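J.: Give me a model of this one.
(one chain, ligands or ions: 1)
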Amino acid sequence: MEKLKSIIPDRIKRTIEESGPEDLPSTCSTLLHWCLQTPLFHKILGELAGSDTALCGKNMEAALDFKRQGNSFFTKGDYASALHFYSKALRLAPIDAQDMEKNLVATLYVNRASSLYKMDRLVECLRDCNRAIVISPSYAKAWYRRGVANAALGNNHHATCDLKISGILEPSPSGKGHVERELKETRDKCRNKSSSVVHQDGRSQSCIDEKPKMKLNIVHTPTKGRGLTTEVDIPEATLVHTEQPYAMIILKRFRDTYCHYCFKELPVDVNPCPSCSIPVYCSQDCQLRAGGMFERNIPKSNSIHKSIPDELQKHIAEVIVTDRCKLDDNHFAEHRHECKGVNWPAVLPPDIVLAGRILCKAKHLADSFEHQIALDLAHNYAQTTPEDKLEFHIYAIVLLSCLQQSHDPKIQPDGVLIAQLVILISQIKVNSMAVVHMKSTDINVAPGESRAGGPSSSTLEQIRVGQAIYLSGSLFNHSCQPNVHAYFISRTLFVRSTKFVAAGCTLEISYGPQVYDFIHICLCC
Ligand SMILES: C[S@@+](CC[C@H](N)C(=O)[O-])C[C@H]1O[C@@H](n2cnc3c(N)ncnc32)[C@H](O)[C@@H]1O
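T.: Next comes the predicted model:
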């Protein structure tokens, strides 16, 4: 990109660097025209959006190689390393690929479930069994592993059903004998103990249902543009605002450790995107919310095996449904347009990929690219540095061209659309919030000094996991002596008062220690 920037003719650079918002359709159109005639632009576009250079797609050979390494560690009893390699294989395995006669992804989930079982991670083991069963409901080994894990958890009724199904589906006589023995043991245990059901999906219910009781009003302030107030007095520690993001993106360095949808730390049984190798999620639920439903030929439970009795068919249907979340019709799957295996979603800066998400969401809501994509947010394009103006232009053209090539050929980059995208990028710079999560790390001091059975102390660290646009939340202005504090739980923004705020006072957060791109006005500064 730097190379492309360096060969832009000076006269085009100058008009862009001196441009105001009203000049954008013309400057964007001029730069687009130059790009389209420049071989380097087409080369860059080919690398970012071309299918022959796509590195972020699925890769059967690499997946099989990781699977072999996983199997080798499993055989040696190194279950943590086996789990690591099965997860790597899952990230690359094509969803419909067969490995011998079984679906490769389902096999990998069962192999990983076996490692998790050995590591005594039974809830995670059950989740992986469920994932395998959703993909291959007639996979005897998946039902067997599920039965054994349920038995270990004391879910005796589920264990018995799982093992009975496994026994019916298992083709080999020795395998059937093995299942029979396990079933007998489980039945014996059932006789001696009462059954307790341990939650199988391990998804925690959200504890974030608190809603603010007041309405926020938009006011025009003399020095800071629009701001927010309320008509009532606000006691200290009152929740004044909650909001879901309009669009959100994880930062590059947290791609392997945090869920790309809910931004929580990843569990050991990560869920990869079924269609590309970039995002990983903490659950099937998050994966579906981010990527939408990938239609596959999942057999109806009653067609799995004719000799399975009705009560077990019911059990199969319940298991298959466990991992499906309900999405409303208007739900926008924010990663869907990015998962074609091409490189741009992994390579372009998060700000720009976020702009792509907003653009595609606007298209999804309006069902067209012809409608305005601009959001009702402040921007400061006029005050932007000349270098940034040039950069916004280049990225806007590159992003639109990538989307046209890899997502929707109906997108036609022209001066007007590119100008809207340049403004959108400026709005993201001014309004996007750093999504910060707290992480506690246990610290053990010298061995003799630590308390028995636990760490001697822990530190609480703020981790900036991602970046998001909250349409109302971005109306909070900055103060060095703020009266409200913004924090995040998963994707939700919460704003709470830190002191008593009298009715009519503007509610202001601290944007944090940074170099502000506006003339910073505070009573205290
Ligand atoms: C996230 S927006 C806040 C909402 C904005 N005032 C509006 O009208 O949409 C950030 C912008 O608000 C203005 N702003 C916020 N706090 C300010 C402050 N303490 N001093 C001056 N301008 C401020 C700046 O223009 C800044 O770029």
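J.: from here on, contacts and neighbour counts on C-alpha atoms
T.: Will do.
J.: give the contact list for residue 167.
T.: 140, 144, 175, 176, 179, 180 (CA atoms under 8 Å, 6 or more residues apart in numbering).
J.: how about the fourth one, what does it touch?
T.: The one in question is residue 176. 167, 168, 170.
J.: That one belongs to a strand, doesn't it?
T.: No: counting by DSSP: H, G, I helix; E, B strand; the rest coil, one finds residue 176 to be helix, located in no strand.
J.: do you know how far it is from residue 349?
T.: 54 Å (CA to CA, to the nearest Å).
J.: for the first one, same thing?
T.: Look at residue 140 and residue 349: by CA to CA, they are 45 Å apart.
J.: cool, and the last one?
T.: Taking CA to CA as the measure, residue 180 falls 55 Å from residue 349.
J.: who has more neighbours, the two?
T.: Using other CA atoms under 10 Å, the more surrounded residue of residue 180 and residue 349 is residue 180, with 16 against 13.
J.: ok, the more buried one - contacts?
T.: Per CA under 8 Å, 6+ apart, neighbours of residue 180: 163, 167.
J.: quick revisit: can I get the contacts of residue 167 in TSV including pLDDT and distance to residue 155?
T.: Listed next are these as TSV, based on pLDDT from 0 to 100; distance: CA to CA, whole Å:
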residue	pLDDT	distance to residue 155
140	93	19
144	95	14
175	85	23
176	87	22
179	86	17
180	89	18
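J.: Put together TSV for these, with distance to the ligand on each row.
T.: What follows is the contacts of residue 167, written out as TSV (distance: CA to the nearest ligand atom, whole Å):
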residue	distance to the ligand
140	55
144	54
175	63
176	64
179	61
180	64
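J.: Dump these to TSV, plus distance to residue 473.
T.: Output for the contacts of residue 167, formatted as TSV (distance: CA to CA, whole Å):
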residue	distance to residue 473
140	50
144	49
175	58
176	59
179	56
180	59
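J.: Tell me where the model's unsure across this protein.
T.: Scanning the chain for pLDDT under 70 picks out the ranges 100-101, 190-208, 294-305, 322-325, 367-374, 443-456, 514-517, 519-525.
J.: how is it carved up into domains?
T.: Taking automatic domain parsing as the reference, the chain has its domains at 1-37+249-292+327-427, 60-190, 203-245+470-525.
J.: looking at those domains, which is buried most?
T.: Most buried of these by mean neighbour count (mean count of other CA atoms under 10 Å) is domain 60-190; its value is a mean of 21.
J.: all strands of the stretch 1-150 of the chain, in order?
T.: 98-99, 102-103 (DSSP state E, counting those that start in this stretch).
J.: Need the contact partners of the last one.
T.: This points to strand 102-103. Contact with strand 102-103 is made by 95, 96, 97, 135, 136, as judged by CA under 8 Å, 6+ apart.
J.: one more time with 6 Å, if that's ok
T.: residue 97 (CA atoms under 6 Å, 6 or more residues apart in numbering).
J.: Phi first, then psi, for residue 20.
T.: Per-residue torsions, residue 20: phi -110, psi 180 (degrees, to the nearest 10).
J.: Now it: closest residue in space that isn't a chain neighbour?
T.: Nearest-residue entry for residue 20: residue 382, 5.2 Å, with adjacent residues in sequence omitted and distances by CA to CA, 6 or more residues apart in numbering.
J.: Redo the contacts of residue 176 as TSV? Include distance to the ligand and secondary structure.
T.: As requested, these are exported to TSV (distance: CA to the nearest ligand atom, whole Å; DSSP: H, G, I helix; E, B strand; the rest coil):
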residue	distance to the ligand	secondary structure
167	61	helix
168	61	helix
170	60	coil
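J.: ok, of these, which one's closest to residue 499?
T.: residue 167 (64.1 Å; CA to CA).
J.: mind checking the backbone torsions on residue 467?
T.: According to degrees, to the nearest 10, residue 467 has phi -140, psi 140.
J.: for the ligand, what are the nearby residues on the stretch 301-450 of the chain?
T.: Residues of the stretch 301-450 of the chain lying close to the ligand (CA under 6 Å from any ligand atom) are 377, 378, 430, 431.
J.: If we use 8 Å, what do you get?
T.: Residues of the stretch 301-450 of the chain lying close to the ligand by CA under 8 Å from any ligand atom are 376, 377, 378, 379, 380, 430, 431, 432.
J.: Among the residues you listed, which one lies nearest to residue 106?
T.: residue 432 (39.0 Å).
J.: How many neighbouring residues does that closest one have?
T.: For residue 432, using other CA under 10 Å, the count is 21.
J.: need the contact list for the closest residue to it other than its chain neighbours.
T.: Of all residues not flanking residue 432 in the chain, residue 469 sits nearest, at 4.8 Å (CA to CA, 6+ apart). For residue 469, the contact set (CA under 6 Å, 6+ apart) comprises 245, 246, 247, 432.
J.: In strands, which of these appear?
T.: Among the contacts of residue 469, DSSP state E puts residue 247 in strands.
J.: I'd like the contacts of residue 469 laid out as a markdown table, including distance to residue 106.
T.: Listed next are the contacts of residue 469 as a markdown table, based on distance: CA to CA, whole Å:
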| residue | distance to residue 106 |
| --- | --- |
| 245 | 33 |
| 246 | 34 |
| 247 | 32 |
| 432 | 39 |
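J.: from the contacts of residue 469, which is closest to the ligand?
T.: For the contacts of residue 469, the residue nearest the ligand by CA to the nearest ligand atom is residue 432; the value is 7.4 Å.
J.: From residue 483, how far off is that closest one?
T.: Relative to residue 483, and taking CA to CA, residue 432 is found at 20 Å.
J.: now swap in residue 56 and tell me
T.: From residue 56 to residue 483 the distance is 45 Å (CA to CA).
J.: and what of residue 317?
T.: 52 Å.
J.: same deal with residue 30?
T.: According to CA to CA, residue 30 stands 47 Å off from residue 483.
J.: ditto for residue 360
T.: 36 Å.
J.: What of residue 464?
T.: Counting by CA to CA - residue 464 and residue 483 are separated by 22 Å.
J.: and the stretch 101-250 of the chain, which residues reach the ligand?
T.: 220, 221, 223, 224, 225, 226, 227.
J.: can the residues you listed go into JSON lines with extra columns for distance to residue 16 and secondary structure?
T.: Listed next are these as JSON lines, based on distance: CA to CA, whole Å; DSSP: H, G, I helix; E, B strand; the rest coil:
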{"residue": "220", "distance to residue 16": "31", "secondary structure": "strand"}
{"residue": "221", "distance to residue 16": "31", "secondary structure": "strand"}
{"residue": "223", "distance to residue 16": "28", "secondary structure": "coil"}
{"residue": "224", "distance to residue 16": "27", "secondary structure": "coil"}
{"residue": "225", "distance to residue 16": "26", "secondary structure": "strand"}
{"residue": "226", "distance to residue 16": "28", "secondary structure": "strand"}
{"residue": "227", "distance to residue 16": "31", "secondary structure": "strand"}
